[in-house]
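Enquirer: below: sequence and its predicted model.
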Number of protein chains: 2
Amino acid sequence: MTQIRKKRPPATPRHAAACAGPLDHLLDPALFKALADPTRASLIACIAKCSRGCSVGEVAECCNVDLSVVSRHLALLARAGVLEAQKQGRTVYYRVRYTDVCRSLRLLADALEECTPASAPKGGACHGKCC
Amino acid sequence: MTQIRKKRPPATPRHAAACAGPLDHLLDPALFKALADPTRASLIACIAKCSRGCSVGEVAECCNVDLSVVSRHLALLARAGVLEAQKQGRTVYYRVRYTDVCRSLRLLADALEECTPASAPKGGACHGKCC
DNA sequence: TCAATACTTGCATTGTGACGCAAATACGCA
DNA sequence: TGCGTATTTGCGTCACAATGCAAGTATTGA
């Protein structure tokens, strides 16, 4: 038995593109697009620091954009899985999906780490985990 | 001594915006903007899975966009701290900054978790760590 | 020095996203 | 039912980002 367990990384980026791995779905543009806007980032930070559900109107007071803009941003963040909405009467409370977001971030970090050359002491990474 | 250690989260998003915490700089739009583009995401995945530095030309073979576009994307990712560039002769090798990127992601996850209501068994989160 | 390779940069086009305002909708309450 | 509050949606504007092509720069080797 020569090299059954020992798996090497793809030789070229072209090969890498062909072999699917955890990174491919963890590196999700939809999630990061949601986090990429400065206004949205501050909205998330506000809600997160409050440790509770916040109404659209409340959140709108923490930044300088129109309430309608905040409403759209929060809806987008909910669709992206960063926030969750809960309607009570006529007000909508948005809260951070702490668990889900943290898990996504950590899984991505783990997947990236699996690809690190340093993670394989001798002769390349990718023990069949990175792709 | 009544309530010196016990710190409560800000009452409203407006208050939350005023008190700076780790989240504010970890939730960095520049980083996430870099990760938000589908083309860039696939470039990162390709390079990461290769576990080595890849040239611009090599990377360009793994997606359907012009070489010049790939060149620009890689330069942008390097500026954002996701990749690092190393020039050898006339070819430029880009590799993933595994350590830095993983740390950023995990620090963000940690900071978010600090704000979770569940992280404080009794009466709210924010032990002075989230803001 | 000339030519080929590897990449970068200028430029025009196109598309997408953020924003504000105004109008519309959804609820709760008198 | 009618009003006020809370939020969403339609629409036009503006800015920026992605893309491809062509031209430019850098570096190696003949």
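Expert: Yep, that arrived.

Enquirer: remind me, longest helix of chain A?
Expert: Secondary structure of chain A per DSSP state H: the longest helix is helix A:98-115.

Enquirer: mean confidence for stretch A:88-102?
Expert: On average, the pLDDT along stretch A:88-102 is 98.

Enquirer: may I have the distance across it, first residue to last?
Expert: Using Cα to Cα, to the nearest Å, one end of stretch A:88-102 lies 26 Å from the other.

Enquirer: quick check: residues of chain A near DNA strand D?
Expert: Chain A comes close to DNA strand D at residues A:55-58, A:67-68, A:71-72, A:74-75, A:85, A:90-93, as judged by Cβ under 7 Å from any atom of the strand. The way it works is simple: take the backbone N, C-alpha and C, and place the C-beta from them, glycine included.

Enquirer: from those residues, which land in helices?
Expert: A:56, A:57, A:58, A:67, A:68, A:71, A:72, A:74, A:75.

Enquirer: out of those, which touch chain B?
Expert: Subset of these in contact with chain B: residue A:58, counting by Cβ under 8 Å from any Cβ of the partner chain.

Enquirer: make a markdown table from the ones in helices among the residues of chain A next to DNA strand D and add distance to residue B:110 to it.
Expert: Formatted as a markdown table, those follow (distance: Cβ to Cβ, whole Å):
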| residue | distance to residue B:110 |
| --- | --- |
| A:56 | 28 |
| A:57 | 30 |
| A:58 | 26 |
| A:67 | 32 |
| A:68 | 34 |
| A:71 | 30 |
| A:72 | 29 |
| A:74 | 24 |
| A:75 | 28 |
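
Enquirer: re earlier: of the residues of chain A next to DNA strand D, select the buried ones using a PyMOL command.
Expert: Entered in PyMOL, the line below selects the buried ones among the residues of chain A next to DNA strand D, by 16 or more other Cβ atoms under 10 Å in any protein chain shown:
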select buried, chain A and resi 55+56+58+71+74+92+93
